[in-house]
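Colleague: sequence and predicted model, in that order:
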Amino acid sequence: MADDKLRQELLYMVRLTSKYDFSRMEVVEGILRLENERQILGSVFGKRFKTRIFDIAAGQAVDETCVICGQHADNKVICQHCLSTIGESDYAKNKIKTKENDKKPRIPDFKKLIDKIKSISKQDKTKEEIKEKVHDRISLGRVKRYVKGVLVFCLTLILFIQIWILGLWFTIPDYNPTEEARVSSNQVVPVESADDAYAQLLLDFPEEEGYTVTYSREDADYVGRFLLNPGDCCLEIEDNLTDEERYDYFFKEDVYVFYISYLEENTGKVGIAEVNHAGSILIEGSFNDGRRTDSFYKFR
Ligand SMILES: [Zn+2]
C-alpha cells in the first residue's frame, strides 16, 4: 500500500511537471492550495517538489537537480529520465486506463480551476453591477410611477374643478333680467304747477306702495324727448336722428324735476322724473331692471 502511494505521488509530480509552467505563481498557488486539501505529496520527494516549485514561482535561485534522482534537470524540477521512466511505466498506463474508464480526471486541471476562480470573481463583480443596475432601475421605475400617479391625480382634480365651475355657471340665477320699459297706464293731463305735476306722479308712484316722490326744481329739457312713444329710450333714439329731425328735437322746454325713491328690505330703487307742462313724463333710474339707468325713458 505504501509503495502504491509513493508511485501515485511520483506519477502526480511527473504529470504536474509535464503539464504546467511553475514560473507562474498563480499556477503554483493553485497546486499548493489543492495539496493542502488532499495531502498527496507527503513523501520526502513530494516535500522537495513543493519547495522547488514554490521557489521557482517566487523567482528564487534553485539548484537545477531532479527532486527525485538528484541528476541535472533542464526544467529545474524533474529530469527527462525520471519523467519518461515514470510517465511510461505500466503503473502509469494502468492509471490512464482506469482514468479513461472512470472518465474522471485524477489530476485536477489547474488551468481550468484558475480560470474558474477568475470567472467566479468576475461573475461576483458583474452580479453586483447587475444588482446595482437593477436597483437603480427599480428606484427609477418607482419614481416614474409616483410622478405618473401625482399627475393623474392633479389632472383629475382639475377636471372636477372645471365641471364644478361649469355647474356653478349654469346654476347662477339671472339676477338682472332685461325687462320691458315700464310705462304709465294713466292719461296725459296738462299741469300748471309743480304741485299738479307732483299729484300726477303720485298716481304712478303711490306713497302707500312705498314710493317717496320729492320735488327738486324747475329745469329745461329737449322738446323731442316728450314726443317719443311710451317706452322709448331717449339716448337710443337720439343716436339715430337725421340732421333734419335733430333741428326740431333739441329745442328746450321747461320741466318740473322730481326725485323718486323706493326702499324695501332687499330692494332699493331711485330715479328722476321730469314732467312738462303738457303732462308728459320721462323717468330715469333703476325702475326697470336690466335696462340702461343713464338715460330717460318716455313714461307717460
Ligand atoms: Zn531524475
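Modeller: It's in. These figures come from a predicted structure and were not determined experimentally.

Colleague: and Leu157, what's its pLDDT?
Modeller: pLDDT for Leu157: 96.

Colleague: what helices and strands are in contact with the helix or strand where it lies?
Modeller: Leu157 is located in helix 110-171, with elements delineated by DSSP states H and E. Packing partners of helix 110-171 (3 or more Cβ pairs under 8 Å, 6 or more residues apart in numbering; DSSP states H and E): helix 25-38. (Each C-beta comes from the backbone N, C-alpha and C, glycine too.)

Colleague: again, only using 10 Å
Modeller: Where contact means 3 or more Cβ pairs under 10 Å, 6 or more residues apart in numbering; DSSP states H and E, helix 110-171 is packed against helix 2-19, helix 25-38.

Colleague: with distance to the ion added, can I get these in a markdown table?
Modeller: Putting those into a markdown table (distance: least, Cβ to the ion, whole Å) gives the following:
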| stretch | distance to the ion |
| --- | --- |
| helix 2-19 | 10 |
| helix 25-38 | 19 |
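
Colleague: what's the most buried one of those?
Modeller: With neighbours taken as mean count of other Cβ atoms under 10 Å, those reach their highest mean count in helix 2-19, at a mean of 16.

Colleague: which element is the residue lying closest to Ser216 once chain neighbours are set aside on?
Modeller: Using Cβ to Cβ, 6 or more residues apart in numbering and skipping the chain neighbours, the partner closest in space to Ser216 is Val257 (4.4 Å). In the assignment (DSSP H and E), Val257 maps to strand 252-263.

Colleague: buried residues, that strand. List them.
Modeller: Residues of strand 252-263 classed as buried by neighbour count (16 or more other Cβ atoms under 10 Å): 255-258, 260, 262.

Colleague: what pairs with it, parallel or antiparallel?
Modeller: Strand pairing for strand 252-263, determined by DSSP bridges: strand 211-222 (antiparallel), strand 268-276 (antiparallel).

Colleague: pLDDT (mean, whole number) over stretch 190-199?
Modeller: Mean pLDDT, computed over stretch 190-199, is 95.

Colleague: hang on, I meant stretch 26-43
Modeller: Rounded mean pLDDT across stretch 26-43 is 89.

Colleague: again with stretch 212-224
Modeller: Rounded mean pLDDT across stretch 212-224 is 94.

Colleague: over to stretch 72-85?
Modeller: 91.

Colleague: buried ones in that stretch?
Modeller: 73, 76-79, 82-83.

Colleague: within reach of the ion, which of these are there?
Modeller: With Cβ under 5 Å from the ion as the criterion, those include 79, 82 near the ion.

Colleague: for the ion, see how far away Gln80 is.
Modeller: 8 Å (Cβ to the ion, to the nearest Å).

Colleague: ok, Ala199 next?
Modeller: 156 Å.

Colleague: for that residue, list the residues it contacts.
Modeller: Listed by Cβ atoms under 10 Å, 6 or more residues apart in numbering, the contact partners of Ala199 are 189, 191, 193, 213.

Colleague: would you confirm that Arg292 contacts Cys233?
Modeller: Yes: taking Cβ atoms under 10 Å as the definition, Arg292 is a contact partner of Cys233 at 6.7 Å.

Colleague: follow-up on the earlier one: pull out the buried residues from the contacts of Ala199.
Modeller: 191, 213.

Colleague: from the contacts of Ala199, pick the one nearest the ion.
Modeller: Val213 (147.2 Å; Cβ to the ion).

Colleague: that closest one reaches Leu202, doesn't it?
Modeller: Yes: counting by Cβ under 10 Å, Val213 does reach Leu202; the two are 6.1 Å apart.

Colleague: what residues are shared contacts of these two?
Modeller: Counting by Cβ under 10 Å, 6+ apart, the common neighbours of Val213 and Leu202 are Phe258.

Colleague: how about low-confidence regions in the chain?
Modeller: Along the chain, the parts satisfying pLDDT under 70 run over 1-2, 98-110, 113, 116-117, 120-121, 123-128, 130-131, 134, 174-178, 288-290.

Colleague: contact residues of the stretch 1-150 of the chain facing the ion?
Modeller: Counting by Cβ under 5 Å from the ion, the stretch 1-150 of the chain sits next to the ion at 66, 68-69, 71, 79, 82.

Colleague: those residues: which two are farthest apart?
Modeller: Ile68 and Gln71 (8.9 Å; Cβ to Cβ).

Colleague: any common contacting residues for the two?
Modeller: With Cβ under 10 Å, 6+ apart, Ile68 and Gln71 have common neighbours 78-79, 81-82.
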